[in-house]
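Student: Based on what follows, work out the 3D shape:
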Amino acid sequence: MLDAFRDAFRLPDLKRRILFTVGVLFVYRLGAHIPTPGIDPEAMARLFEQGGVLGFLDLFAGGALRRFSVFALGVAPYINASIVMQLLVVIFPALEKLQKEGEQGRKKIVQYTRLGTIFFAAVQAVGMTFWLRNLGIFTGSVFGFITVVITITAGSVVVMWLGEEISDHGIGNGISLLIFAGIVARIPEAIIRTWELMRLGEMNLLVMVIAAGVMVAVVAGCVLLQEGQRRLPVQYAKRVIGNKMYGGQSTFIPLKVNQAGVIPIIFASSVLLFPYTIMRFFSGDLATRIQNMLSPGNPLYMVLYVALIVFFAYFYTAVVFDPADTANNMKKYGGFILGIRPGKPTAEYIEKVMSRITLGGAVFLAVVALLPTLMTQLMGITTFYFGGTAVLIVVGVALDTVHQIEAQLLMRHYEGILKRGKGKSAGLLKM
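Tutor: Predicted coordinates:
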């Protein structure tokens, strides 16, 4: 692996992309420590010591919400805008037509998403500032209120821009990497706090050993989920073109068990967090009751969380994978699945198989996302948010980034970072 990383830095273009990504992540982490004017940081720290949903919200902000920095909203507004835009593209034919117009249509969709990000950021900024005012953490004037709203709205736009810059000029998916950086940056602090509690005898060593074992099992499950695939055997007929013969070989179509990656987790969490933010506009028993119901660990939250994960797993798979297009390409080049007629029957067969493995992957995704949370509640661990959501995002983004670096290396005839030996077939899932 060290040789592979050395090879990566030997390539000027790949080296530039990696260093650019690291530089943008450094700027993002720097912005997470720039305080918003008018907020009492000590009062915010005392508020977050209560735990609950605040720790979950701060997970996606990378610690910026705890400090209420200029990047306090993190990537949540951009994710909400992306979800709404993708749903609108499916609902409205005009937007679907626009998306299929090529580069120009894609740019317009991106522009609409950016405008949606500003809208969601402004709404969430107003809600959070009202919430802090009701708690007495923010006591500024009307001008100070407007200043805070504009500051964190602008910070959210900057985060969106940083993510797009990584996607365009760096390595990996920019928004996912920003979430990844925020989660990983909190690990050293959590380890130190846990060690201090164990040293003082306030935390049981056996509990931490069990928690570490569950964490290792969840990581292994995440890797299996991300790498597992169903291989459909494809046979290509022999064709004579000029004086040469083409085809006649056997290959396969790799259908990933989790085609959508960590997107269902991120989207489901963002959808559930948005109404929680809206409820901060209101006070009273009803608003408090709704906030409690939408808090992580609540039975209603868990049911909605699982349902949304399954929904977004199917939805995003349908967006990124088209069985009809795959079947047409196979038919065009003389390929067919044994026992299945080319064309529409092949598309229907691929769609059927994809639906089955997506259901298995979505259910497994939901189980992995909820299991650590349930274990945390039973063990009473409060020093860090030990959730499957964070583990899934970290593992998924890390594997995706490594695969992209590996693809760049293999394209230039270097050996990849991950060793792909015969034993890799053990990670394949058959359904």
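Student: can you pull out the helices in the stretch 151-300 of the chain?
Tutor: Applying DSSP state H, counting those that start in this stretch to the stretch 151-300 of the chain gives helices spanning 174-185, 187-199, 205-227, 263-278, 285-293, 299-320.
Student: of all those, which lies closest to residue 364?
Tutor: Residue 364 lies closest, by Cβ to Cβ, to one member of the helices of the stretch 151-300 of the chain: helix 205-227, at 5.7 Å. C-beta here means a position set from N, CA and C on the backbone, and glycine is covered the same way.
Student: closest one to residue 362 among the helices of the stretch 151-300 of the chain?
Tutor: The minimum distance between residue 362 and the helices of the stretch 151-300 of the chain falls on helix 299-320, with 3.7 Å, by Cβ to Cβ.
Student: mind checking how far the closest one is from the chain centre?
Tutor: Going by Cα atoms, centre = their mean, to the nearest Å, the spacing between the C-alpha centre of helix 299-320 and its chain's C-alpha centre is 13 Å.
Student: Give me the buried stretch members for that helix, please.
Tutor: Neighbour-count burial for helix 299-320, with 16 or more other Cβ atoms under 10 Å as criterion, is recorded at 301-302, 304-306, 308-310, 312-319.
Student: how many neighbours does the residue nearest to residue 308 when sequence neighbours are not counted have?
Tutor: The shortest distance from residue 308 to any non-neighbouring residue, by Cβ to Cβ, 6 or more residues apart in numbering, is to residue 268 (3.7 Å). Other residues near residue 268 come to 25 when the count uses other Cβ atoms under 10 Å.
Student: thought residue 268 was touching residue 302?
Tutor: No - taking Cβ atoms under 8 Å as the contact criterion, residue 268 and residue 302 are not neighbours in contact, 11.1 Å apart.
Student: can you list the helices of the stretch 151-300 of the chain in CSV and add distance to residue 125 and mean pLDDT?
Tutor: Rendered in CSV, the data for these read as follows (distance: least, Cβ to Cβ, whole Å; pLDDT from 0 to 100):
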stretch, distance to residue 125, mean pLDDT
helix 174-185, 18, 85
helix 187-199, 26, 78
helix 205-227, 33, 78
helix 263-278, 10, 76
helix 285-293, 18, 76
helix 299-320, 24, 85
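Student: quick one: residue 218 from residue 359, how far?
Tutor: Counting by Cβ to Cβ, to the nearest Å, the gap between residue 218 and residue 359 amounts to 21 Å.
Student: Looking at these two, which has the bigger crowd around it?
Tutor: Neighbours per residue (other Cβ under 10 Å) separate residue 218 from residue 359, with residue 218 holding more: 23 against 15.
Student: so how far is the top helix by length along the chain off the chain centroid?
Tutor: Longest among the helix segments of the chain by residue count, using DSSP state H, is helix 344-379. Relative to the mean C-alpha coordinate of its chain, helix 344-379 is positioned 16 Å out (Cα atoms, centre = their mean).
Student: I'd like the average pLDDT over it.
Tutor: On average, the pLDDT along helix 344-379 is 81.
Student: Quick check: next helix or strand after it?
Tutor: Note on helix 344-379: by DSSP states H and E, the next helix or strand toward the C-terminus is helix 388-411.
Student: by how many degrees do that next one and helix 299-320 diverge?
Tutor: Relative orientation of helix 388-411 with respect to helix 299-320: 20 degrees, computed using axes from the mean of the first three to the mean of the last three Cα atoms, to 10 degrees.
Student: Give me the buried positions along helix 388-411.
Tutor: Of the residues in helix 388-411, those buried under the neighbour-count criterion (16+ other Cβ under 10 Å) are 388-406, 408-409.
Student: so what secondary structure elements neighbour that helix?
Tutor: helix 2-10, helix 12-31, helix 53-61, helix 174-185, helix 205-227, helix 263-278, helix 344-379 (3 or more Cβ pairs under 8 Å, 6 or more residues apart in numbering; DSSP states H and E).
Student: I'd like those helices written out as CSV, with distance to residue 329 added.
Tutor: Output for the helices and strands packed on helix 388-411, formatted as CSV (distance: least, Cβ to Cβ, whole Å):
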stretch, distance to residue 329
helix 2-10, 32
helix 12-31, 30
helix 53-61, 38
helix 174-185, 28
helix 205-227, 24
helix 263-278, 24
helix 344-379, 10
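Student: Quick one: closest of those to residue 137.
Tutor: Short answer: helix 53-61, nearest of these by Cβ to Cβ, at 12.2 Å.
Student: Return the distance of the residue nearest to residue 308 relative to residue 402.
Tutor: Between residue 268 and residue 402 the distance is 25 Å, computed by Cβ to Cβ.
Student: same thing with residue 139?
Tutor: Applying Cβ to Cβ, one obtains 48 Å for the distance of residue 139 from residue 402.
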